[in-house]
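Student: Fold the following and give me the result.
(one chain, ligands or ions: 1)
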Amino acid sequence: MIAGGAVILADVRLIDATGRAPLDGALVRIEDGRVVEVGVSSGPAPEGAINLEGRTLMPGLIDAHAHVSSDVKRSPGFGPPPALAGELPRPRELGYFVLAKTAAALLEAGVTSVRDVGSYDDEAIVLREAVRLGLVAGPRILSCGRIISATAPGGVLFGTMYREADGPEEMRKAVREQLRRGADFIKLMATGARSVLAEDPEPAQMTQEEIHAVVDEAHRMGFRVAAHVEGLGGARLVVAEGVDTIEHGLSLHREPELLERMAARGIVLVPTLSTFHDLAERFTDLFAPALVDQAKRQLEEAYLTLMAAHGAGVTLAMGHDSGPPGDNAIELVRMVDGGLSAMEAIVAATRGSARALGLSDVGVIEPGAVADLLVLDGDPLTDVHVLRDPDRIWMVLRAGEAVAGRGRATMGL
Ligand SMILES: [Zn+2]
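Tutor: Predicted structure coming up:
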């Protein structure tokens with residue numbers, strides 16, 4: 001920190017996530033939480049500058065598909081140990097401490113923004129407000145409130161995560177209810193979910209009139225729409241109705257014309273590869289065998305769609321849709337395993353995800369951008385696994401403030 005509250009990061013390898021090649025020996029000046037200058041270090045570093053020789057600077061990661069929730073069933077070891085027989089029931093409010101731990105874990109992993117696509121009891125909105133009010137340190141959180149679904153079996157399993165509605169007028173009301181509870185965007189279930197035995201994820205679960213009503217109501221009020229889509233029946237409808245992001249979208253490789261229209265309309269795809277690994281490989285004992293078999297097929301399709309979408313020029317975003325919180329970058333690694341270059345996967349996890357969130361001033365490092373930044377020990381372009389190694393997450397800045405990483409010591413923190 002130098003006079004006037006500015007932070008200068010000097011002599012660092014810069015990945016600005018605009019798609020440009022990395023810049024070595026870069027100098028980045030931050031004032032009032034924003035990047036004000038990006039250049040090349042020349043001559044002696046300015047007084048007070050933090051020398052980052054040998055390190056890499058990139059935008060903080062943005063998870064575009066997360067469930068910010070105290071329900072940590074798919075994050076073994078992250079929540080409290082399971083209750084033993086004879087213990088008194090756990091107070092429900094313990095969940096808020098799990099949420100605080102989630103916020104910390106995300107920051108420590110370099111995740112500076114998260115788009116919550118469904119949580120129970122408005123927990124994501126509660127955590128968003130706790131962060132906004134300075135009660136806990138955490139990433140920027142955008143929440144959909146409750147997921148808007150047709151009356152469907154998933155409503156039984158997901159309870160307060162869902163708002164069931166039927167018919168265009170009720171859909172409009174459901175959108176308005178989410179805005180009333182403080183949602184940042186709207187999420188709809190265009191098809192059934194792969195994790196619900198009684199749902200078929202292939203056909204559209206909402207009618208075109210219903211999807212139209214949701215999109216029209218949200219867009220008219222200035223809010224974006226995320227669509228859960230598995231089968232092509234739903235994909236065709238949401239592309240026609242102009243949603244802003246498609247979640248999962250694994251079938252899209254079967255209909256390349258849809259990918260071309262997504263690219264032309266700027267519809268972002270959040271492939272969520274990790275969630276298919278969860279059902280197909282990781283939690284096979286928790287799910288009905290038919291769902292595990294289905295997930296194995298879907299896993300293959302999700303990777304085919306990743307590269308088909310990439311080839312068609314669709315903007316890709318990183319969405320972990322798994323646990324534990326803080327392991328989000330495994331999704332970025334999987335995008336590389338699937339065929340993206342490390343740079344392409346990093347751009348997806350930063351600028352691409354920012355587009356999914358509808359934000360233009362995060363996810364890149366350029367003058368005017370919010371200084372949500374990640375400093376790594378090493379170079380993720382040569383070894384993308386650096387992003388998953390807690391020891392290599394050297395410093396995380398949120399709006400110019402060092403919030404995690406051992407490099408905070410150099411700022412006297
Ligand atoms: Zn999800």
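Student: can you count the residues close to Pro168?
Tutor: Applying other Cβ atoms under 10 Å, we find 18 residues neighbouring Pro168. Quick note: C-beta positions are derived from backbone N, CA and C, even for glycine.
Student: my bad, Gly400
Tutor: When counting by other Cβ under 10 Å, one arrives at 20 neighbours for Gly400.
Student: for Asp32, same thing?
Tutor: Here the number of neighbours of Asp32 (other Cβ under 10 Å) works out to 11.
Student: so what's it up against?
Tutor: Gly5, Gly400 (Cβ atoms under 8 Å, 6 or more residues apart in numbering).
Student: Please tell me how far it sits from Leu397.
Tutor: Distance, Asp32 to Leu397, by Cβ to Cβ, to the nearest Å: 13 Å.
Student: now Leu14: how far from Val336?
Tutor: Taken as Cβ to Cβ, the span from Leu14 to Val336 is 20 Å.
Student: who has more neighbours, those two?
Tutor: Neighbour count, other Cβ under 10 Å: between Leu14 and Val336, Leu14 has more, with 23 against 18.
Student: Need the three-state assignment for the closest residue to that one other than its chain neighbours.
Tutor: Closest residue to Leu14 apart from its sequence neighbours, by Cβ to Cβ, 6 or more residues apart in numbering: Ala26 at 3.6 Å. When classified by DSSP: H, G, I helix; E, B strand; the rest coil, Ala26 comes out as strand.
Student: which residues does Ala26 bridge with?
Tutor: Ala26 has these beta-bridge partners by DSSP bridges: Val12, Val40.
Student: number of nearby residues for Val362?
Tutor: For Val362, using other Cβ under 10 Å, the count is 23.
Student: Could I get the contacting residues of it?
Tutor: Contacts of Val362 (Cβ under 8 Å, 6+ apart): Pro59, Gly60, Ile62, Thr112, Ser113, Arg140, Ala354, Ala369, Val370, Asp372.
Student: mind running it again at 10 Å?
Tutor: With contact taken as Cβ atoms under 10 Å, 6 or more residues apart in numbering, Val362 is in contact with 17, 59-60, 62, 112-113, 140, 350-351, 353-354, 369-372, 399.
Student: From what I see, Leu23 and Asp16 are in contact.
Tutor: Yes - Leu23 is within contact range of Asp16, at 7.2 Å (criterion: Cβ atoms under 10 Å).
Student: returning to that earlier point: run through the residues that contact the residue nearest to Leu14.
Tutor: Contacts for Ala26 (Cβ under 10 Å, 6+ apart) come out as 9-16, 38-41, 52, 56-57, 365.
Student: Name the SS class of Glu300, please.
Tutor: In three-state terms, and counting by three-state DSSP, Glu300 is helix.
Student: Just give the number of residues close to it.
Tutor: For Glu300, the count of nearby residues is 13 (other Cβ under 10 Å).
Student: got it, and Gly378?
Tutor: Counted with other Cβ under 10 Å, the neighbours of Gly378 add up to 18.
Student: what's around the spatially closest residue to it that is not a sequence neighbour, how many residues?
Tutor: In this structure, Gly378 finds its nearest non-sequential neighbour in Val386, 4.4 Å apart by Cβ to Cβ, 6+ apart. The number of residues packed near Val386 is 19, by other Cβ under 10 Å.
Student: Kindly report the same for the one 10 residues further on.
Tutor: Residues within reach of Val396, counting by other Cβ under 10 Å, total 27.
Student: quick one on the thing from earlier: double-check the residue nearest to Gly378 against Leu376; I have them as touching.
Tutor: Yes - between Val386 and Leu376 a contact is recorded at 5.4 Å, counting by Cβ under 10 Å.
Student: so what sits against both of those two?
Tutor: In contact with both Val386 and Leu376: Thr56, Arg392, Ile393, using Cβ under 10 Å, 6+ apart.
Student: Just the buried positions in the helix or strand containing Val333, please.
Tutor: For Val333, the host element (DSSP states H and E) is helix 330-337. Buried residues in helix 330-337, counted by 16 or more other Cβ atoms under 10 Å: Ile330, Glu331, Leu332, Val333, Arg334, Met335, Val336.
Student: Mind picking the one among those residues that's closest to Val98?
Tutor: Of all the buried residues of helix 330-337, Ile330 has the smallest distance to Val98: 20.4 Å, by Cβ to Cβ.
Student: residues contacting the closest one?
Tutor: Taking Cβ under 10 Å, 6+ apart as the test, what Ile330 contacts is Leu273, Ser274, His277, His320, Ser322, Asp337, His385, Leu387, Arg388.
Student: No further questions, thank you.
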